[in-house]
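>>> Model the following, please.
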Amino acid sequence: MATSIRRHETLLLFAALLAFFCIGLGTRDYFTPSEARYIEIPRQILTTHDWLTPRINGVPYFEKPPLFYWMQATVMQLFGYGEFAGRFVTALFAALTCVVTFATARVLYGRLTALLSTCVLATSILGYALSRIATLDMPVSFFITACIACFLMAQHSPHKRRLYLCMYVASALAVMTKGLIGMVIPGLVIGAWIAVTKSWHILKEARLFTGLLIFLIITAPWHVLMAQTHPAFLDFYFIHEHFTRYTSGGHRRMAPWWFFIAITLVGLMPWTGLLPASYKRLQFKNPDTLLLTLWIALPLVFFSLSHSKLVSYIFPIFPPLAIILGQTLAALWEGILPKKHIRRTSLLVITLFGILLISVHMLPLLDSRIAHKFSGLSTLPTLTLLPMLLALAWLAHGVWRNHAAPALITSLAAFGITTGLTLNYAADGIDRNGVRPLAQPLAARLQSGDMVVAYANYWQDLPVYLERDVTVVEWQGELEFGITHYPQTHDWMIPYGEFWKRCRGAAQAVYVFAHEDTVPELTSSTDCRLQPVAKYGKTELLEKVMP
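Predicted coordinates for the structure are as follows:
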């Protein structure tokens, strides 16, 4: 009976979380290049019916394994290429990550800590933000979390064998989502814990041979088929995309060693202020606490040593952080800890976000590139900001009136939720690099023989919103490997001279997307006359003037 109640409680929690993460999921255009890339690859799968080889604009693209693309393609086959469908898989895995965090915390510390841990993860800035961006990081974080959580729960369960088998499956699916990181991170954490606690018996208990067999059954087929179909795949995929990316700065993602520490502190808001109190309560001699600590520390060190850094990489450490913070919140809720800790956290949030709101409205007065990029935030209507402002006011009122810890925790959670929703609706004020406002109207009047060109640049969302491949002029970027190794791509990935030749000889319409800086050279041609017809941000759409 108790098991049935827990199962229904978990399902209800999952449904509530999924509904929460789906709010406003389709309200903004795809971010480019990151989101649009992970929509274009599934579009190519559905267009070519080739589920083996990932492609972008028809060019083979070997940077990542295919599991996320397959899931995206399945959803998009049912619901189309719209923004809601394109982000649904990410929202689904955000809800699942929270549920696994809830289940782990409940096994270790009870129901209250589990609920509060879930609240921390779901309402943290980084957790909420990644739940609505179509990238690999939320799905791979789920599989890594599930892998380590299965190992941790196996230490408290009579169903050890089942949990260990699930651990291997989760690691394999993580590898199929984002490569070797799916086994490196769990291997580091679990291996270090076994070594420190001298729990060598687990190596036999966990059935390593059976686990390896399961792992290979899931991961090997695609990699073997790719190696047979594409001889250059293994070297590029394993050497260039894993080892070279980690050890060199060739991907232009360099950042200082403290980058992920700063991202963690910001990304955990509004709960960051509880970290000192949580650290003081840690009992490292406790095996569970030790595992949670290693789960945080080792990936943090691993990613900090990398020469390729992106904000989203660090999210796998957020579930254990949420559990540790959830313990502190439970102690505050029950009066075990003095409420001064939650008051200090609330004051920190009020101060920081108050300064931020004031600063945003001063951006138009500053003359800098960053100020201009974010200046759109200052034009947000008051109605968009109102929920966040009300939540901040409610929190300030609670601090002023010296409310009890549960009320302050509730106010912080409400502020986290409204901040996430506000950022979601504010995102269009930040990113104007996409071409949806130009591409969608054009798609409605394109004929099959018309030529669409991306000139001296490539907008990742252009083929997505046009729902067709485009001709790309004098640009290679991240598609350099595919263009170099597959000469057939030279039919549509062309140099300047070939573009002008095709433009002159085109009997049907020619449409050119170009950065505003290149428009003068396009309009100066006399034998292929192009005229601007529309503009969005710094991108212009030109059309050939037919004789």
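>>> Need the three-state assignment for Ala534.
Each residue gets one of three states, and Ala534 gets strand by DSSP: H, G, I helix; E, B strand; the rest coil.
>>> mind listing what it touches?
Contacts for Ala534 were tallied using C-beta atoms under 8 Å, 6 or more residues apart in numbering; they are 438, 441, 540-541. For every residue, glycine as well, the C-beta is placed using N, CA and C.
>>> one more time with 7 Å, if that's ok
By C-beta atoms under 7 Å, 6 or more residues apart in numbering, the residues touching Ala534 are 438, 541.
>>> where does it land on pLDDT?
We have a pLDDT of 93 for Ala534.
>>> Which of the three states applies to the closest residue to Leu348 other than its chain neighbours?
The shortest distance from Leu348 to any non-neighbouring residue, by C-beta to C-beta, 6 or more residues apart in numbering, is to Gly273 (4.3 Å). Using three-state DSSP, the structure places Gly273 in helix.
>>> Is Thr53 within a helix or a strand, and which one?
For Thr53, there is no enclosing helix or strand under DSSP states H and E.
>>> Give me the distance between it and Tyr69.
Between Thr53 and Tyr69 the computed distance is 10 Å (C-beta to C-beta, to the nearest Å).
>>> neighbours of the residue nearest to Leu348, just the number please.
By other C-beta atoms under 10 Å, 21 other residues sit near Gly273.
>>> Wait, Thr118 touches Phe102, no?
Yes - Thr118 is within contact range of Phe102, at 4.4 Å (criterion: C-beta atoms under 7 Å).
>>> if you count what's nearby, which of the two comes out ahead?
Neighbour count, other C-beta under 10 Å: between Thr118 and Phe102, Phe102 has more, with 29 against 26.
>>> could you list every residue that touches that one?
13, 114, 117-118.
>>> Distance-wise, check the residue nearest to Leu348 relative to Arg436.
39 Å.
>>> ok so Val472 is a strand residue?
Yes - under three-state DSSP, Val472 falls within a strand.
>>> ok, Arg343 - contacts?
Listed by C-beta under 7 Å, 6+ apart, the contact partners of Arg343 are 399, 408.
>>> how about the one helix or strand it maps to: buried residues?
Assigned by DSSP H and E, Arg343 belongs to helix 340-360. Residues of helix 340-360 classed as buried by neighbour count (16 or more other C-beta atoms under 10 Å): 341-343, 345-346, 349-350, 353, 360.
>>> now that helix, how far from the chain's geometric center?
26 Å (C-alpha atoms, centre = their mean, to the nearest Å).
>>> average pLDDT for it?
In the prediction, helix 340-360 has an average pLDDT of 86.
>>> Please apply the same query to stretch 85-103.
Stretch 85-103 comes out at a mean pLDDT of 97.
>>> Same question for stretch 19-30.
When pLDDT is averaged over stretch 19-30, the result is 91.
>>> can I get the CA coordinates of that stretch in CSV?
The C-alpha coordinates for stretch 19-30 follow below in CSV (Å, rounded to 0.1, in the frame of the first residue of the first chain):
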residue,chain,number,x,y,z
ALA,A,19,3.3,21.1,-16.9
PHE,A,20,5.5,23.7,-15.2
PHE,A,21,8.4,23.3,-17.6
CYS,A,22,6.0,23.4,-20.6
ILE,A,23,4.6,26.8,-19.7
GLY,A,24,5.7,29.3,-22.4
LEU,A,25,7.8,26.7,-24.1
GLY,A,26,7.0,27.9,-27.6
THR,A,27,6.8,31.6,-27.1
ARG,A,28,10.1,32.6,-28.7
ASP,A,29,12.2,31.8,-31.8
TYR,A,30,14.9,29.2,-31.7
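>>> Mind pulling up the pLDDT for the nearest residue to Gln155 once chain neighbours are set aside?
Spatial nearest neighbour of Gln155, excluding adjacent residues (C-beta to C-beta, 6+ apart): Pro287 at 7.1 Å. The model reports Pro287 with a pLDDT of 94.
>>> Quick check, Pro287 in contact with Lys198.
No - using C-beta under 7 Å, Pro287 is not in contact with Lys198, being 10.9 Å away.
>>> In terms of neighbours, single out the busier of these two.
Just comparing Pro287 and Lys198: by other C-beta under 10 Å the higher neighbour count belongs to Pro287, 14 against 7.
>>> and for stretch 268-284, what are the contacting residues?
Stretch 268-284 is contacted by residues 120, 124-125, 265, 289-290, 293, 321, 324-325, 327-328, 337, 341, 344-345, 348-349, 412, 415-416 when judged by C-beta under 7 Å, 6+ apart.
>>> go on, stretch 84-94?
The contact list for stretch 84-94 (C-beta under 7 Å, 6+ apart) reads 18, 21-22, 25-26, 30, 39, 71-72, 75-76, 79, 130-135, 138-139, 142.
>>> ok, now with 6 Å
Defining contact as C-beta atoms under 6 Å, 6 or more residues apart in numbering, one finds that stretch 84-94 is touched by 21-22, 25-26, 39, 71-72, 75-76, 79, 131-132, 134, 138-139, 142.
>>> how does this structure divide into domains?
The chain breaks down into these domains under automatic domain parsing: 2-30+62-333, 340-429, 436-544.
>>> Lowest average pLDDT across those domains?
Lowest mean pLDDT within the domains of the chain: domain 340-429, at a mean of 79.
>>> now the helix or strand Thr219 falls within: how far from the chain's centre is it?
Assigning secondary structure by DSSP H and E places Thr219 in helix 208-229. Centroid displacement of helix 208-229 relative to its chain, using C-alpha atoms, centre = their mean, is 26 Å.
>>> Show residues contacting that helix.
Under the criterion C-beta under 6 Å, 6+ apart, residues 52, 168, 172, 175-176, 233-234 lie in contact with helix 208-229.
>>> Now intersect those with the helices, please.
Judged by DSSP state H, the subset of those located in helices is 168, 172, 175-176, 233-234.
>>> Centre of the chain to stretch 192-202, how far?
For stretch 192-202, the distance from its own C-alpha centre to the chain's C-alpha centre is 33 Å (C-alpha atoms, centre = their mean).
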